[in-house]
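Chemist: Attaching a predicted model along with its sequence, questions to come.
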Amino acid sequence: MRNRPAIFSPGNHPLRVKSAILGLAIALGLFGFSNVYANSFDDPFGVNARLPEHPGVKAAQRADFYTISAPTAVQKQKMVTGHEYSLAELSALALSNNPQTHSVWASLRAQAASVGISEAAWLPKLTLNASAQQSQSTTSTGFSIPTQRIFAPNLSLSWLLYDFGQREAGIAAAKAGLVAARFANDQTLQTVLSSVASAYYQSLADQVLIEVNKRSVETAQKALDAAQARYRSGQATVSDLYQAKAALAQAEGTLATAEQTQLQNAGALASAVGLPVDTQLRLAPLQTRIDPKLDANVKSLLQQAIAQNPNLQNAQAQVAQARATLDQTERAGLPSISLGANQGLRFQQSLGRTQTNSIGLTLSVPLFTGFDQHYQTAQARAKLAEAEANRDTTYQSTELAVWQGYYAFRGAMVAIPSARAQVENANEALKAVQAQYKVGYATIQDLLTAQSTLATAEVTLAQNALNAYTALAKLGAAIGQLGSPMFSEHSLLDPTTAAVSDGAAPNDHLPDIVPTSHLYDHKEQSQP
């Protein structure tokens, strides 16, 4: 009987022996690696190497910081040196430069693109797939199958033919979102214009305060000079002298504080316009003899606000969007019919070319989705209720803003005549007391009181005038007409000597200023 070779002899099974040796080597290597680097398995990629070892330590490193450049609009903007900017010019600059307007414009374009995405659901989808592969098989007995090379391109078409109105509801939701985005854009413009107007008026008030405080310093210095003269002649006591010095020091301190406040608010104005905070903007001086006017009653203004306020219109558009989304969600549980077609080729070595073609209709009926459809519908219905509540809240806040703005304007206006009378009388009283003090018929306290009364009256007049303009600007923003010629004619909102009357465009010779017409809504509106 002949001896048969061992089944597992190395000569008969070289691949098995080699595989066993390779596996043993890998196992030993992994065992040694795990012993040496056991701790590294907690963080194999070293992601924690640059983090603090314990809480309460700053994590950012020098290499993490970015170099941030000024906005492009700010870099390109050139200001006219020495020019006294009006409110209309600064508003136009803000609409062009303020990042808020750029952000909301980009958001508007993104929402418009979402409408295109929804419209695309009507079109078929065409897809090309191609695969290429090479395969070879070898058995343990050493038998090999020849190498096979395969190339298979495939063209497929899918087209949703009918979905019981789900696509129409999606498009309606996207279009309602676009309408909401348009009103959000307009509301942002109103917000920017209102912030510029508020900062502008505050800067005008700062100019007035500085001028008043400068005059107070001059008047206090004259009072001190008069007290010193009377003291040297023996007609005044040292108490008069010290009171005059204290009044001068107080006036100088108040002036210094006003100057710092002006710098602070000037930065706020520059930032509202969209410029660097250190931009020097010259403003025309305040003209308190110009009274703002509003030829409309509060009822008509409320009606205009309800009809035109962009924030309220945005809230209503969001209700329409939520309602369309609910409709789309409810229809998602309905059947759909789709058309599908395929054409493919298969090139395989030794077998030649194989062609496949198919076309057919598919009916999809969602029978059970794990209650996903139920909860999505409940969520959409709740969001609709939320949008309606937000609309009602915005309705009330809009009415309140118009109401408060109207009566704030009326309150400031009725105080202006008495403030003017106070300034005139306080000025005459100061002149009389100054003359009386020189001849000894008035005390130093009478003189200092007269000075303080005049300064207070001048500040009150300026503040009442600017309060009226501020209230008028806020009222315009609440109505949604700030920046439109029907409401904010330049002479109506700009209380400076540079204000342009009769609606004329200011400073047409300035090439670096955005045209003032950008401020205006040219749609036909009824005169209030």
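Modeler: Good, I have the coordinates. All values derive from a computational prediction rather than experimental measurement.

Chemist: could you list every residue that touches residue 463?
Modeler: For residue 463, the contact set (C-beta atoms under 8 Å, 6 or more residues apart in numbering) comprises residue 205. Every C-beta, even on glycine, is put in place using the N, C-alpha and C of the backbone.

Chemist: Offset the numbering so it begins at 465, please.
Modeler: Noted, 465 is the first residue going forward, which turns the last one into residue 927.

Chemist: what about it, distance to residue 670?
Modeler: 11 Å (C-beta to C-beta, to the nearest Å).

Chemist: just residue 809 next, same as before
Modeler: Counting by C-beta to C-beta, the gap from residue 809 to residue 670 is 79 Å.

Chemist: And those two? Which one has more around it.
Modeler: residue 670 (22 against 14; other C-beta atoms under 10 Å).

Chemist: quick check: longest strand of the chain.
Modeler: Secondary structure of the chain read by DSSP state E shows that its longest strand is strand 608-626.

Chemist: ok, residues contacting stretch 769-779?
Modeler: By C-beta under 8 Å, 6+ apart, the list of residues contacting stretch 769-779 from outside reads 644, 647-648, 650-651, 654, 851, 854-855, 858-859, 862-863, 865-866, 942-945.

Chemist: hmm, back to that, what is the subsequent helix or strand relative to the longest strand of the chain?
Modeler: helix 630-696 (DSSP states H and E).

Chemist: Now do that next one: which elements does it pack against?
Modeler: Under the contact definition 3 or more C-beta pairs under 8 Å, 6 or more residues apart in numbering; DSSP states H and E, helix 630-696 sits against helix 551-561, helix 563-583, helix 702-737, strand 746-747, helix 774-795, helix 836-902, helix 908-943.

Chemist: okay, the angle between it and helix 908-943?
Modeler: 170 degrees (axes from the mean of the first three to the mean of the last three C-alpha atoms, to 10 degrees).

Chemist: roughly how far apart are residue 690 and residue 704?
Modeler: Relative to residue 704, residue 690 is positioned 9 Å away (C-beta to C-beta).

Chemist: swap in residue 642?
Modeler: Remark: distance between residue 642 and residue 704 (C-beta to C-beta) = 74 Å.

Chemist: who has more neighbours, these two?
Modeler: Ranked by neighbour count (other C-beta under 10 Å), residue 642 and residue 704 place residue 704 first, with 23 against 18.

Chemist: Give me the distance between that one and residue 917.
Modeler: Residue 704 is 19 Å from residue 917, by C-beta to C-beta.

Chemist: cool, and residue 572?
Modeler: 54 Å.

Chemist: Over to residue 804?
Modeler: Distance from residue 804 to residue 917, by C-beta to C-beta: 90 Å.

Chemist: In stretch 907-918, which of the residues would be classed as buried?
Modeler: Neighbour-count burial for stretch 907-918, counted by 16 or more other C-beta atoms under 10 Å, picks out 907, 908, 910, 911, 912, 914, 915, 916, 917, 918.

Chemist: How about the contacts made by the third one?
Modeler: Applying C-beta under 8 Å, 6+ apart, one finds that residue 910 lies in contact with 897, 900, 901.

Chemist: And the pLDDT for it?
Modeler: On the pLDDT scale, residue 910 is placed at 91.

Chemist: sec struct for the closest residue to residue 624 other than its chain neighbours, please.
Modeler: The shortest distance from residue 624 to any residue other than its chain neighbours is 5.1 Å, reached at residue 802 (C-beta to C-beta, 6 or more residues apart in numbering). Secondary structure, DSSP: H, G, I helix; E, B strand; the rest coil: residue 802 is strand.

Chemist: pLDDT value on the residue nearest the centre of the chain, please?
Modeler: Computing the C-alpha centroid of the chain and ranking residues by C-alpha atoms, centre = their mean puts residue 564 first, at 4.1 Å. Looking at residue 564, its pLDDT reads 93.

Chemist: Am I right that it is in contact with residue 655?
Modeler: Yes: Residue 564 lies in contact with residue 655 (C-beta atoms under 8 Å); the separation is 7.1 Å.

Chemist: Tell me how many other residues surround the spatially closest residue to residue 686 that is not a sequence neighbour.
Modeler: Residue nearest to residue 686 in three dimensions, not counting chain neighbours: residue 898, with 7.4 Å by C-beta to C-beta, 6+ apart. Residue neighbour count, defined by other C-beta under 10 Å, stands at 18 for residue 898.

Chemist: so what's residue 898 up against?
Modeler: When contacts are taken as C-beta under 8 Å, 6+ apart, residue 898 is in contact with 686, 687, 690, 911, 914.

Chemist: so residue 595 sits in a helix?
Modeler: No: going by three-state DSSP, the assignment for residue 595 is strand, not a helix.

Chemist: which ones are touching it?
Modeler: Under the criterion of C-beta under 8 Å, 6+ apart, the neighbours of residue 595 are 614, 615, 616.

Chemist: Quick one, which of those are buried?
Modeler: residue 616.

Chemist: Hmm, residue 692 is touching residue 705, no?
Modeler: Yes: Residue 692 is in contact with residue 705 according to C-beta under 8 Å; the separation is 6.4 Å.

Chemist: shaky segments in the protein?
Modeler: 465-489, 491-505, 536-544, 752-754, 948-956, 961-992 (pLDDT under 70).

Chemist: what about residue 883, neighbour count?
Modeler: Using other C-beta under 10 Å, residue 883 has 20 other residues around it.

Chemist: give the contact list for the closest residue to it other than its chain neighbours.
Modeler: Distance criterion C-beta to C-beta, 6+ apart; nearest residue to residue 883, sequence neighbours excluded, is residue 925 at 3.9 Å. Residue 925 sits next to 752, 880, 883, 884, 886, 887 when contact means C-beta under 8 Å, 6+ apart.

Chemist: show me what contacts the nearest residue to the fifth one once chain neighbours are set aside?
Modeler: Leaving out its chain neighbours, the residue that sits closest to residue 886 by C-beta to C-beta, 6+ apart is residue 921, at 3.9 Å. Residue 921 makes contact with 883, 886, 887, 889, 890, according to C-beta under 8 Å, 6+ apart.

Chemist: correct me, but the third one touches residue 919?
Modeler: No: contact between residue 887 and residue 919 fails when scored by C-beta under 8 Å: they sit 10.1 Å apart.

Chemist: buried residues in the longest strand of the chain?
Modeler: Neighbour counts over strand 608-626 (16+ other C-beta under 10 Å) mark 616, 624 as buried.

Chemist: Which elements pack onto it?
Modeler: strand 589-602, strand 800-812.

Chemist: Let me have these in CSV, extended by distance to residue 724.
Modeler: Conversion of the helices and strands packed on strand 608-626 to CSV gives the following (distance: least, C-beta to C-beta, whole Å):
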stretch, distance to residue 724
strand 589-602, 65
strand 800-812, 69
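
Chemist: Pick the most deeply packed of those strands.
Modeler: strand 800-812 (a mean of 15; mean count of other C-beta atoms under 10 Å).

Chemist: contact partners of whatever helix or strand comes next after that one?
Modeler: Using DSSP H and E, the helix or strand that follows strand 800-812 towards the C-terminus is strand 816-828. Residues outside strand 816-828 that contact it (C-beta under 8 Å, 6+ apart) are 625, 799-812.
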